[in-house]
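In: I'd like to go over a predicted model; first the sequence, then the structure.
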Amino acid sequence: VQLVVSGGGLVQAGGPLRLSCAAPGLLFSDFGMSWFLQVPGNNRELVAVISRTGARTSYADSVKDRFTISRDNTKNTVHLQMNSLKPEDTAVYYCKAAQIRRPVYWGRGTQVTVSS
């Protein structure tokens, strides 16, 4: 199973960016999905989580009211809409598929760079 991440890049502070993670080989609706970020030298940090149906979401305090996680189970895709980006949001972003008693899958990271 491969999670394909897209949408990273360079953006000015205050701007938006949308990340997508596609999971074509996954029983997608069986998995909770999440986004993590990682800054060099640090561990991966949880950014946002969405439940299998999309009914429940949760966010890190640092991104609340700026980022929105969503999913489309018909397209096996999860998104992270990032608004009002700040330089401190600069990191490599990863998506993760996880569910109890199931394997955990990670996508390749995508670099997000926010210039001041």
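Out: Done, it's in. The structure presented is a predicted model; accordingly, all values stated were derived computationally and were not measured. Numbering: from 1, shown residues only.

In: in contact with residue 82, which residues are there?
Out: For residue 82, the contacting residues are 16, 17, 18, 19, 63, 66, 67, 89, 112, by C-beta atoms under 8 Å, 6 or more residues apart in numbering. Yep, even glycine has a C-beta here, placed from its N, CA and C like the rest.

In: my error: substitute residue 79 in the last question.
Out: 18, 19, 20, 21, 69, 70, 71, 72.

In: all strands of this protein, in order?
Out: All strands of the chain, identified by DSSP state E, fall at 4-6, 9-12, 17-22, 32-38, 45-50, 57-59, 67-72, 77-82, 91-98, 105-106, 110-115.

In: in TSV, list the contacts of residue 79 along with pLDDT and distance to residue 33.
Out: Formatted as TSV, the contacts of residue 79 follow (pLDDT from 0 to 100; distance: C-beta to C-beta, whole Å):
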residue	pLDDT	distance to residue 33
18	98	15
19	98	12
20	98	11
21	98	7
69	98	8
70	98	10
71	98	6
72	97	11
